[in-house]
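Undergrad: Okay, here's the prediction I keep looking at, along with the sequence it came from:
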Amino acid sequence: MAHAVERASAVRTERPDRIREILSWYASDNPGTLTNLARLMNHGRLGGTGRFVILPVDQGFEHGPARSFAANPAGYDPRYHFELAIAAGCNAYAAPLGFLEAGAAEFAGQIPLILKLNNSDSLSGGKDPCPALTGAVDDALRLGAAAIGFTIYPGSAERNTMYQEIRDLTREAKAKGLAVVIWSYPRGSALSKEGETAIDVVAYAAQIACQLGAHIVKVKPPSAHIEQEAAKKVYEKQRVPIGTLAERVRHVVQSAFDGRRIVIFSGGEAKDTAAIFDEVRGIRDGGGFGSIIGRNSFQRPREEALAFLGQVMDLYAGGAK
Amino acid sequence: MAHAVERASAVRTERPDRIREILSWYASDNPGTLTNLARLMNHGRLGGTGRFVILPVDQGFEHGPARSFAANPAGYDPRYHFELAIAAGCNAYAAPLGFLEAGAAEFAGQIPLILKLNNSDSLSGGKDPCPALTGAVDDALRLGAAAIGFTIYPGSAERNTMYQEIRDLTREAKAKGLAVVIWSYPRGSALSKEGETAIDVVAYAAQIACQLGAHIVKVKPPSAHIEQEAAKKVYEKQRVPIGTLAERVRHVVQSAFDGRRIVIFSGGEAKDTAAIFDEVRGIRDGGGFGSIIGRNSFQRPREEALAFLGQVMDLYAGGAK
Amino acid sequence: MAHAVERASAVRTERPDRIREILSWYASDNPGTLTNLARLMNHGRLGGTGRFVILPVDQGFEHGPARSFAANPAGYDPRYHFELAIAAGCNAYAAPLGFLEAGAAEFAGQIPLILKLNNSDSLSGGKDPCPALTGAVDDALRLGAAAIGFTIYPGSAERNTMYQEIRDLTREAKAKGLAVVIWSYPRGSALSKEGETAIDVVAYAAQIACQLGAHIVKVKPPSAHIEQEAAKKVYEKQRVPIGTLAERVRHVVQSAFDGRRIVIFSGGEAKDTAAIFDEVRGIRDGGGFGSIIGRNSFQRPREEALAFLGQVMDLYAGGAK
Amino acid sequence: MAHAVERASAVRTERPDRIREILSWYASDNPGTLTNLARLMNHGRLGGTGRFVILPVDQGFEHGPARSFAANPAGYDPRYHFELAIAAGCNAYAAPLGFLEAGAAEFAGQIPLILKLNNSDSLSGGKDPCPALTGAVDDALRLGAAAIGFTIYPGSAERNTMYQEIRDLTREAKAKGLAVVIWSYPRGSALSKEGETAIDVVAYAAQIACQLGAHIVKVKPPSAHIEQEAAKKVYEKQRVPIGTLAERVRHVVQSAFDGRRIVIFSGGEAKDTAAIFDEVRGIRDGGGFGSIIGRNSFQRPREEALAFLGQVMDLYAGGAK
Amino acid sequence: MAHAVERASAVRTERPDRIREILSWYASDNPGTLTNLARLMNHGRLGGTGRFVILPVDQGFEHGPARSFAANPAGYDPRYHFELAIAAGCNAYAAPLGFLEAGAAEFAGQIPLILKLNNSDSLSGGKDPCPALTGAVDDALRLGAAAIGFTIYPGSAERNTMYQEIRDLTREAKAKGLAVVIWSYPRGSALSKEGETAIDVVAYAAQIACQLGAHIVKVKPPSAHIEQEAAKKVYEKQRVPIGTLAERVRHVVQSAFDGRRIVIFSGGEAKDTAAIFDEVRGIRDGGGFGSIIGRNSFQRPREEALAFLGQVMDLYAGGAK
């Protein structure tokens, strides 16, 4: 593979103003953090568009190695994912400490990195999840990462632990010029299974992440279900449109400071390619900023994954329908 | 909207001595904190009167975005609330980290800010609430805030956690020249629902906040109910007058170091405008220092909200009955 | 009220050697701490005698404002208690953070202050009490206090938390030249109600406070009840005299390093004046170092309180029987 | 015993490139850590081969002294194990604080040391183990150790405590130029007894240790059992070969970043020598990096142990079948 | 009492080499710690012999004042114990913070001190004991102590808390040139009452303390009972001799790094003098390093105690049988 380099968007960006516009939403941040946000937005095939496709690979920790990589054994090697993200032209590559350490030097400067700072394994469980802290802001700095990543589980009885951890990590990251990406996944004894992706709950999860100071928020595509009674009354009274995925995405984006925070959507379990493209169209049409797609990328053979990610990027870039 | 600026009260204040009088109650504080207290008192339409109307917007975190903003969707945008507070001539605008970060640079110097340092969401509950820490004193400094805000729930089994958090935050804030505003809301397994606004409990909550070192205390308007048996005996024996709201407010203010701490009252759920004005009259007549009005402000259309807040300020300023 | 000043005992002390003698018991302390101990002993009507009458006012936090101050509403004002303690000639005035902040500047240098660093409210309870930390050693320094005060509840399942907090606070206070006063109140699921004031338990509580490094220990007047079986055998075998209050006080003082630590006794609930004077005589005759009298002082009208405290001081000074 | 010295592998290594190759996997580490990894790989009879035989002696803490040392009482003396490891030509000697302190000066520079930083005793138990921290990174530095060792128990309800402890210790160790060895032993209420050595679980345990940033991972030889339903489907669908020990070892090594992390295997309970040699052959043939053999070494008479360890090394070196 | 001074052993030691030999076991310690170990070994009647008789007085905290001191009321005065230890020629005097503070200045330089850093009271209990931290390493320094003392309860569910506390205190103490004495008392829900002094358990407790880095370990004289099934098999198979107290002491000393750590034995409850002397003979004959005798010393009249301690020392010195 040819040696890739992070390039400024100047060369191939049609909408340089869009990046300046998005950066203007984060006017309270220092130039170091703005620079890293810009790095994320100016890299890859979608560089300069304000749209995102990010490759996340924390499934080795979260689900175990065989469940993650046996389908495409090249993925056991941490370098594979760096290469895949670079070759596909993703905006960034996100992974836990060990996976980033195993390639950060070799691929230094070729793609912005997001260091996931907390993780759960699936060897033990419980109704109210709380990931373990597995990395630190200074690890992100020494590995040359552009951002930290962190998962919160609103709805878990352990939510305060997570909110307070990210409170401290966010303050440190911003002081040290890094960007902050929050995975906001409602889950826990306070929610039904269906409620985890309910429109009211997903919109609320986006709001919480923004209030905690996230620059970029990752949520799941919401369903039309409404979980909370008090919310249901409002959605009905105010006739908030939530019939289509695009409408729901629009509501979630609105719930993220009226669209002034970057909201991206997860791909979820590996599934039918056509279904994913439909989902991406819904996200795009609703004003979502992009996708973060793990298993659907790295569990396919490399060429297939590159073609797949290319099509997703085309959809976001407007070069496909 | 014209560009507003914080102005000293010298120009339009009828009672400059009142501010000096109030500041004299805080003689143990350093000049930095006194300056920020003065900023809060000298800003807006009530500047220089020693009365307060503050706009708080933490409902996005506490109740979720749709329940907070769907009635007036302009409120999804964090800038809306800065503008509303400035246009209405409020003394200050209070919000969690994310909401302040999203406007602090754009509106820098136009209105004193209060950074709420802890928050709860309503995706999970429990009988004994304890908010998560969501911001820090240094965040308040970097955002140019004049004060930190913090919620305690006396009556909760988790009260010690909250008291000890605010103990540390207060010490740090005072050393760094900030003012401290405590939201003191009795709640928890030790209290009945009715007891949360009982006169003995609200007065006690005001006392606790003052003893913890608050400069400004926010409580709910008290009812005539008396929750605790030991207190009831005293109220009856000493014939403490609690028949009218004004009398109850007077007792609460007396319970805040004989009126030598600033006590303001929350507006509570959105309700009938006339009822609010009656409540404000009671607060004013009882010697309360003002109101902190969230949902009743930002859930109305902007012009209506401005008119409404203007009338509340007139009531406090004595320009209306 | 005339402006009072801390005066050295040289002018009016009959027994200057007594202060030197007492200070000699604390030979491991630095000169800063010895100076503050001397300030406590040289101030007020009992200055130079080695006897103490201290005014403590933490009832606003512990019992609520109306229960504390409605009987004598002047007490809602924090300045009242400073003035009362000064006018009465108390050795010191002790209160939580908020109450001291509200007068420390105005009365600076007029009376030694003791900052209570932990407090409980009575809005919620539980069998095993543990107060919240509500102040810090640095607060004591910035307020010009001579000592920190701290409550431990031996017998509570939470005792280790309290012992470890005072361990750290004591070390810091001593390094910074402050004196340490421990309120040692046995209470908790391990003790019967009667046991809280049992002679064996009160003597044990005094010993624990001394072992934790207290300079001054405050306990309740002990009853003749013996709580613990293992202790009972010893009291009977060794025929420890505990029949009268004086004998019991003597035993408690002996249990405080054979009288080489200052032990003072609380007044407890407001009660009959004659009964209090009897109690004071018992404390005095048993070698107790004095009283710390809150509710019985500030819940009376000012003139009555001054007369009452004057008589208590006369009893300790030997000028009355 | 002749005075041994750490010698660089240059003299007797057939495959110096192998060490450089292995070090290249750790390119994100600083030269201090790489130097210590090289020390571990260049020492002893297997120096320069990239294979390992390590002597660990934490059984005194974990199982008690008599169970550990009565069979060969020379082992009560901590110096015995230093000497044994040196004489046998092990790569390193690993032990808890006390055992290393008792010989680190006398044997300074003769063998690389690994300080075990956490330990459990077997005087008390529970379903969800969590070792106590018993040493610190700075202890490793002052004792001249090359690496820290740490045990995690994936599957324990206390896993987050362990993961977060090693997160902080790893960061500190790497910043201070030490290597990190993680003992990853699945155990706890989430797993069956059989599941503790199930192939899916052992592979997952290796992955977790790598993601946490370990340079060297120690696991148990895996059985062909599959514990988790979700994993079973994948192993069957992808036909992952797990029939022989060599195949299972290969899968575990693959699960450790596709073989780019050093994975070594424990010896377990003392057992039949032939069975151990078979196990070693399986580890070797599967691409395992070596063995860490405690009880099977030090519970034999010294000469027998030396012969035994020599044969194990021969197997790894390829000088025996 | 004549003014005593710490004297080097040169004058009256028959076996100066023994001290050098013992110090050689602690070769990983810095000269500051070695100096303090030497102070402990060179002081008193047994100075220079490598044997110890230490006076510990923490019963005031642990059992209460009357149970501790009423039998010999001179002991209420903290100075009494300093004097007793000096007059008797003990190697050291060990006590909690308050007791040491009350004499450290007056008796400075006359006897090595050991500051007990954690303590339990007996006003409340529970099956799984965990003492409170009551002092700090810096307290030991400011009081001129030679060592810190710390109690662990192997077998308690709270063992990890204690192990981790002593881990941190030990590291700090060693860095600051102090010696570390661990009281290792098996106790807790995992053990039977009989098991607390079982030979396997006591030997294990000694091992744990050594592994945690103790220089001196204090255990109880072991009984011939074996508590743990897994241990029992080994004791029987290996025929470890445990029939006599001397044999059991020998096994415990062996379990303390083959005799390369100082192990001393507690006296336990006050009992028959002849029984104590027998016990001392057993300890001596088994190679124990000495005794730490509290209640049997200070609860006797002074002269009787001096005679008693003298005889114990004679037994250890070999001047009596």
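TA: Ah, there it is.
Undergrad: Count the residues that sit near A:Gly318.
TA: Here the number of neighbours of A:Gly318 (other Cβ atoms under 10 Å in any protein chain shown) works out to 11. All C-beta spots, glycine's among them, are computed from the backbone N, C-alpha and C.
Undergrad: hang on, A:Leu141 is in a helix, isn't it?
TA: Yes. Assignment of A:Leu141 by DSSP: H, G, I helix; E, B strand; the rest coil places it within a helix.
Undergrad: Give the full set of residues in contact with it.
TA: Taking Cβ atoms under 8 Å, 6 or more residues apart in numbering or on different chains, we find A:Leu141 in contact with A:Lys176, A:Leu178.
Undergrad: how close does it sit to chain B?
TA: According to Cβ to the nearest Cβ, to the nearest Å, A:Leu141 and chain B sit 19 Å apart.
Undergrad: With A:Ala157 instead?
TA: Shown here: A:Ala157 relative to chain B, a distance of 6 Å by Cβ to the nearest Cβ.
Undergrad: OK, contacts around that residue?
TA: Neighbouring residues of A:Ala157 by Cβ under 8 Å, 6+ apart: A:Lys127, A:Asp128, A:Gly188, A:Ser189, A:Ala190, B:Ser124, B:Gly126.
Undergrad: That one falls within a strand, correct?
TA: No. Counting by three-state DSSP, A:Ala157 is located in no strand; its state is coil.
Undergrad: which stretches of chain A have low pLDDT?
TA: Applying pLDDT under 70 to chain A picks out residues A:1-16, A:268-270, A:319-321.
Undergrad: Need the residue closest to the centroid of it.
TA: In chain A, the centroid-proximal residue (Cα atoms, centre = their mean) is A:Lys218; its distance is 4.3 Å.
Undergrad: State the helix or strand in which that residue lies.
TA: Taking DSSP states H and E as the definition, one finds A:Lys218 inside strand A:216-219.
Undergrad: quick one: strands adjacent to that strand?
TA: Strand A:216-219 has the following strand partners under DSSP bridges: strand A:179-184 (parallel), strand A:262-266 (parallel).
Undergrad: Show me what secondary structure element comes after the first one.
TA: Right, the one you point to is strand A:179-184. helix A:199-211.
Undergrad: hang on, the earlier thing: what's the spacing between the strand holding A:Lys218 and its chain's center?
TA: 5 Å (Cα atoms, centre = their mean, to the nearest Å).
Undergrad: Equivalent analysis for stretch A:96-107, please.
TA: 19 Å.
Undergrad: and that stretch, is it in reach of chain D?
TA: Yes. Using Cβ under 8 Å from any Cβ of the partner chain, stretch A:96-107 reaches chain D at A:Pro96, A:Leu97, A:Gly98, A:Phe99, A:Leu100, A:Glu101, A:Ala102, A:Ala104, A:Ala105, A:Glu106.
Undergrad: Now list the buried members of the residues you listed.
TA: Buried by 16 or more other Cβ atoms under 10 Å in any protein chain shown: A:Pro96, A:Leu97, A:Gly98, A:Phe99, A:Leu100, A:Glu101, A:Ala102, A:Ala104, out of these.
Undergrad: could you list every residue that touches the closest residue to chain E within the stretch 51-200 of chain A?
TA: Ranked by Cβ to the nearest Cβ, the top residue of the stretch 51-200 of chain A for proximity to chain E is A:Ala132, at 17.7 Å. Counting by Cβ under 8 Å, 6+ apart, A:Ala132 makes contact with A:Asn118, A:Asn119, A:Ser120, D:Arg159, D:Asn160, D:Tyr163, D:Gln164, D:Arg167.
Undergrad: among those residues, who's most crowded?
TA: A:Asn118 (27 neighbours).
Undergrad: Which parts of the stretch 51-200 of chain A are helices?
TA: A:59-62, A:65-69, A:78-88, A:97-101, A:137-142, A:159-175, A:199-211 (DSSP state H, counting those that start in this stretch).
Undergrad: Next, the buried residues of stretch A:223-232.
TA: Those would be A:Ser223, A:His225, A:Ile226, A:Glu227, A:Gln228, A:Ala231, for stretch A:223-232 by 16+ other Cβ under 10 Å.
Undergrad: got the residues of stretch A:96-107 next to chain D as a markdown table, with distance to chain B columns?
TA: What follows is these, written out as a markdown table (distance: Cβ to the nearest Cβ, whole Å):
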| residue | distance to chain B |
| --- | --- |
| A:Pro96 | 24 |
| A:Leu97 | 25 |
| A:Gly98 | 29 |
| A:Phe99 | 29 |
| A:Leu100 | 27 |
| A:Glu101 | 29 |
| A:Ala102 | 34 |
| A:Ala104 | 29 |
| A:Ala105 | 33 |
| A:Glu106 | 36 |
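Undergrad: Go through these and name the one nearest C:Ile283.
TA: A:Leu97 (63.9 Å; Cβ to Cβ).
Undergrad: Please tell me how far the nearest residue to the closest one once chain neighbours are set aside sits from E:Asn160.
TA: Nearest non-adjacent residue to A:Leu97, counting by Cβ to Cβ, 6 or more residues apart in numbering or on different chains: A:Gly135, 4.2 Å away. Going from A:Gly135 to E:Asn160 by Cβ to Cβ, to the nearest Å gives 25 Å.
Undergrad: and if you look at A:Ile283?
TA: According to Cβ to Cβ, A:Ile283 stands 48 Å off from E:Asn160.
Undergrad: picking that back up, can you tell me which of the strands paired with strand A:216-219 is most buried?
TA: Sort these by mean neighbour count, taking mean count of other Cβ atoms under 10 Å in any protein chain shown, and strand A:179-184 sits at the top with a mean of 28.
Undergrad: can you list the residues that contact that strand?
TA: Under the criterion Cβ under 8 Å, 6+ apart, residues A:33, A:36-37, A:40, A:94, A:114, A:146-152, A:154, A:166, A:169-170, A:173-174, A:205-206, A:208-209, A:212-219, A:266 lie in contact with strand A:179-184.
Undergrad: Repeat that for stretch A:161-178.
TA: A:29-33, A:35-36, A:117-118, A:130-131, A:133, A:136-137, A:140-141, A:145-148, A:150-153, A:156, A:179-180, A:182, A:208, A:212-214, B:97, B:132-136, B:138-139.
Undergrad: ChimeraX command for the buried members of those residues?
TA: Here is the ChimeraX command that selects the buried residues among these (16+ other Cβ under 10 Å):
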select /A:29,33,36,117,118,130,131,133,136,137,140,145,146,147,148,150,151,152,153,156,179,180,182,208,212,213,214 /B:97,132,133,134,135,136,139
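Undergrad: from the contacts of stretch A:161-178, which ones fall inside strands?
TA: Among those, DSSP state E puts A:Asn118, A:Leu133, A:Ala147, A:Ile148, A:Phe150, A:Thr151, A:Ile152, A:Ala179, A:Val180, A:Ile182, B:Ala132, B:Leu133 in strands.
Undergrad: From start to finish, how long is stretch A:99-110 in a straight line?
TA: Start and end residues of stretch A:99-110 are separated by 16 Å (Cα to Cα, to the nearest Å).
Undergrad: what does stretch A:79-97 give?
TA: Across stretch A:79-97, the terminal residues are separated by 14 Å (Cα to Cα).
Undergrad: now swap in stretch A:105-120 and tell me
TA: 26 Å.
Undergrad: Tell me how many other residues crowd A:Lys127.
TA: The burial count for A:Lys127: 11, using other Cβ under 10 Å.
Undergrad: Excluding chain neighbours, what is closest to it?
TA: A:Ser189 (4.4 Å).
Undergrad: Then A:Leu315?
TA: A:Val280 (4.9 Å).
Undergrad: rewinding a little: quick check: beta-bridge partners of the residue nearest to the centre of chain A?
TA: Beta-bridge partners for A:Lys218, by DSSP bridges, are A:Trp183, A:Ile264.
Undergrad: That one touches A:Gly267, doesn't it?
TA: No. Applying Cβ atoms under 8 Å as the test, A:Lys218 and A:Gly267 come out as separate, 10.5 Å apart.
Undergrad: where do the contact lists of these two overlap?
TA: The contact sets of A:Lys218 and A:Gly267 overlap at A:Ile292 (Cβ under 8 Å, 6+ apart).
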